[in-house]
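Participant: mind folding the following:
(2 chains, ligands or ions: 3)
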Amino acid sequence: MTAVSMTVNGKAVTADVEPRTLLVQYIREKLRLTGTHVGCDTSQCGACVVHVDGLAVKSCTVLAVQAEGAEVLTIEGLARDGKLHPVQEAFREHHGLQCGFCTPGMIMTAVDMIRRHPGGLEEKTIRAELEGNLCRCTGYHNIVKAIEAASQTLQHREAAE
Amino acid sequence: MYQFTYHRPASLADAEKLFTGADDPKFLGGGQTLIPTLKQRLASPSDVIDLAAIPELSGIVAASGAVAIGAGTRHADVAASAEVRKAIPALADLAGWIGDPLVRHRGTIGGSIANADPSADYPAAVVALNATIYTTKRAIAADAFFTGMFETALQPGEIVTKIVFPVAEKAGYEKFRNPASRYAIVGVFVARTASGVRVAVTGAAPSVFRQTEMETALAKSFTPEAIAGIKVPADGLNADLHATAEYRAHLVTVMARRAVARALG
Ligand SMILES: Cc1cc2nc3c(=O)[nH]c(=O)nc-3n(C[C@H](O)[C@H](O)[C@H](O)COP(=O)(O)OP(=O)(O)OC[C@H]3O[C@@H](n4cnc5c(N)ncnc54)[C@H](O)[C@@H]3O)c2cc1C
Ligand code: FES
Ligand code: FES
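Facilitator: Ligands and ions are numbered 1, 2, ... in the order given. Take a look at the predicted model:
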């Protein structure tokens, strides 16, 4: 067992883990934050996306011990004061989900994508940036629309501030 | 995944010492190949030595006709680097086309070339640009580095520290991607420098290789038309459920033509 400490959704957490524990197992099984999903065995689906030190990564392809000292943000950490994050709001508004299994990963990828494109996002860029996230239900169309809308909302908000 | 002991050394010297003292150790870069391999139980190292906390492995330095990239530099950082974009735009393009944004946020250039996957992208740039690979033991020329399928000149315990890419007059990369994995079914990197033209092909064969017939033709005339008629033999090329050897052979010429057009564009 190895002691590992990190910050998850703003809270400091410490635990003993086996080095082979994946970050996603740690988040789901130890911290009981089950919004982060596991959809594959091959690092391809993106259902497990969380942010580590501000970057979107596949938490099924990171060891918990690699996140020692890191700031981790999961889907549970997005809403503030009972209000959905603008990206979550846009997925609801634009019907960007059906079964919802891929949604936490899609939203965490979208938040990262919008942050890296402060000048706004075109449909083509959004589709290319979603290459690491698979959805078996929606056909992606409404997911793309939701991200486009959220990117605009966030741009306006920044401009207003 | 099997059990292992995890280490995070803070210096190259400590990493080497840990390697020597362990039974069956493995270095860990960004983990985007090694962790999936461990998950499938295709490897069972006794010790995993994480290179992420070693400061000597990070950083991009552009100076006097070359760009030096630390082995621990992530694909996303190469793609977004203003220095790389300015000096060798084709290299920034290549890094930005690896996998997906999530993989690019963790995977490193050192891990990619040490792994030497037959369909990885970086090997094509390393060979076409005639880069030099620096390790904890020596400097290795690109042509001597990739020795076979998942095989390199690296010895056990040898760590890639940086890769130095000479700046080219013109360079371009094109890949025909596997739509599921994004790896190259065929990728071709062309580069023209003062010392000539180099054409490196990845994805098509067990290891990256130079297409010398195209190099000769492009040295005479650096245009897509100069190589349009070149027929690459299918002997020895990879065949799998994604593409036959004949199809890959055909793609080499198509990708090379497009790479030259991109280099000129
Ligand atoms: C979904 C997915 C899609 C991908 N698509 C592509 C793609 O389109 N193109 C592509 O080229 N790659 C692709 N990859 C692979 C990716 O680029 C990996 O990042 C890369 O192959 C390995 O780099 P790493 O830093 O993650 O290394 P790791 O996985 O940590 O290590 C790989 C190997 O290299 C060794 N190693 C690591 N660093 C060093 C070092 N400094 N010195 C010596 N040995 C070292 C390790 O011991 C291990 O054997 C993909 C991966 C995934 C999961
Ligand atoms: S669970 Fe599929 S990529 Fe992580
Ligand atoms: S909504 Fe069902 S997988 Fe995306």
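Participant: residue B:121 and residue B:94 touch, don't they?
Facilitator: Yes: contact status for residue B:121 versus residue B:94: in contact at 5.2 Å, counting by Cβ atoms under 8 Å. Placement of C-beta: from N, CA and C, glycine included.
Participant: name the residues of the longest helix anywhere in chain B that are buried.
Facilitator: Secondary structure of chain B read by DSSP state H shows that its longest helix is helix B:245-264. For helix B:245-264, a neighbour-count test (16 or more other Cβ atoms under 10 Å in any protein chain shown) marks B:245, B:247-253, B:255-260, B:262-263 as buried.
Participant: stretch B:166-182 now?
Facilitator: Neighbour-count burial for stretch B:166-182, with 16+ other Cβ under 10 Å as criterion, is recorded at B:166-168, B:170-177, B:181-182.
Participant: restrict these to contacts with ligand 1.
Facilitator: The subset of the buried residues of stretch B:166-182 within reach of ligand 1, by Cβ under 6 Å from any ligand atom, is B:181, B:182.
Participant: in TSV: the buried residues of stretch B:166-182, plus pLDDT, secondary structure and distance to residue B:26.
Facilitator: Below are the buried residues of stretch B:166-182 laid out as TSV (pLDDT from 0 to 100; DSSP: H, G, I helix; E, B strand; the rest coil; distance: Cβ to Cβ, whole Å):
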residue	pLDDT	secondary structure	distance to residue B:26
B:166	97	strand	31
B:167	97	coil	34
B:168	97	coil	34
B:170	98	strand	39
B:171	98	strand	33
B:172	98	strand	35
B:173	98	strand	30
B:174	98	strand	33
B:175	98	strand	28
B:176	97	strand	31
B:177	95	strand	28
B:181	85	coil	22
B:182	89	coil	24
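Participant: now the buried residues of stretch B:166-182 in a markdown table, with distance to residue A:109?
Facilitator: Shown next, in a markdown table, are the buried residues of stretch B:166-182 (distance: Cβ to Cβ, whole Å):
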| residue | distance to residue A:109 |
| --- | --- |
| B:166 | 36 |
| B:167 | 34 |
| B:168 | 34 |
| B:170 | 35 |
| B:171 | 31 |
| B:172 | 29 |
| B:173 | 25 |
| B:174 | 26 |
| B:175 | 23 |
| B:176 | 25 |
| B:177 | 19 |
| B:181 | 18 |
| B:182 | 15 |
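Participant: okay, the buried residues of stretch B:166-182 in JSON lines with distance to chain A next?
Facilitator: Listed next are these as JSON lines, based on distance: Cβ to the nearest Cβ, whole Å:
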{"residue": "B:166", "distance to chain A": "30"}
{"residue": "B:167", "distance to chain A": "27"}
{"residue": "B:168", "distance to chain A": "26"}
{"residue": "B:170", "distance to chain A": "25"}
{"residue": "B:171", "distance to chain A": "22"}
{"residue": "B:172", "distance to chain A": "19"}
{"residue": "B:173", "distance to chain A": "16"}
{"residue": "B:174", "distance to chain A": "16"}
{"residue": "B:175", "distance to chain A": "14"}
{"residue": "B:176", "distance to chain A": "16"}
{"residue": "B:177", "distance to chain A": "10"}
{"residue": "B:181", "distance to chain A": "7"}
{"residue": "B:182", "distance to chain A": "7"}
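Participant: what's the closest of the buried residues of stretch B:166-182 to ligand 2?
Facilitator: When the buried residues of stretch B:166-182 are compared for distance to ligand 2 (Cβ to the nearest ligand atom), residue B:181 wins out at 12.1 Å.
Participant: helix, strand, or coil at residue B:198?
Facilitator: Secondary structure, DSSP: H, G, I helix; E, B strand; the rest coil: residue B:198 is strand.
Participant: so what's it scoring on pLDDT?
Facilitator: Looking at residue B:198, its pLDDT reads 98.
Participant: also residue A:47?
Facilitator: 98.
Participant: with the one 4 residues further on instead?
Facilitator: On the pLDDT scale, residue A:51 is placed at 98.
Participant: residue B:64 now?
Facilitator: So residue B:64 comes in at 84 (pLDDT).
Participant: identify the residues contacting the residue most central in space within chain A.
Facilitator: In chain A, the centroid-proximal residue (Cα atoms, centre = their mean) is residue A:108; its distance is 2.1 Å. When contacts are counted by Cβ atoms under 8 Å, 6 or more residues apart in numbering or on different chains, residue A:108 touches A:49, A:50, A:51, A:56, A:73, A:74, A:75.
Participant: again, only using 6 Å
Facilitator: A:49, A:50, A:56 (Cβ atoms under 6 Å, 6 or more residues apart in numbering or on different chains).
Participant: now, which of these lie within strands?
Facilitator: Among those, the ones falling in strands (DSSP state E) are A:49, A:50, A:56.
Participant: using JSON lines, please lay out the residues you listed together with distance to residue A:113 and neighbour count.
Facilitator: Below are the ones in strands among the contacts of residue A:108 laid out as JSON lines (distance: Cβ to Cβ, whole Å; neighbours: other Cβ atoms under 10 Å in any protein chain shown):
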{"residue": "A:49", "distance to residue A:113": "11", "neighbour count": "31"}
{"residue": "A:50", "distance to residue A:113": "14", "neighbour count": "30"}
{"residue": "A:56", "distance to residue A:113": "8", "neighbour count": "28"}
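Participant: which parts of chain B are helices?
Facilitator: B:12-21, B:34-39, B:75-80, B:82-87, B:89-96, B:101-104, B:109-115, B:122-128, B:142-145, B:212-220, B:225-228, B:245-264.
Participant: and chain A, by the same measure?
Facilitator: So, for chain A - with DSSP H - the helices run A:23-25, A:86-93, A:103-116, A:123-129, A:141-160.
Participant: out of the ones you listed, flag the one nearest residue B:213.
Facilitator: helix A:123-129 (33.9 Å; Cβ to Cβ).
Participant: anything in that closest one near ligand 1?
Facilitator: No: Helix A:123-129 lies out of reach of ligand 1 by Cβ under 6 Å from any ligand atom, never closer than 13.0 Å.
Participant: for that helix, buried residues please.
Facilitator: A:126, A:129.
Participant: if you count contacts, what does that helix end up packed against?
Facilitator: Applying 3 or more Cβ pairs under 6 Å, 6 or more residues apart in numbering or on different chains; DSSP states H and E, we find helix A:123-129 packed against helix A:141-160.
Participant: at 8 Å instead, please
Facilitator: Helix A:123-129 makes packing contacts with helix A:103-116, helix A:141-160 when contacts are defined by 3 or more Cβ pairs under 8 Å, 6 or more residues apart in numbering or on different chains; DSSP states H and E.
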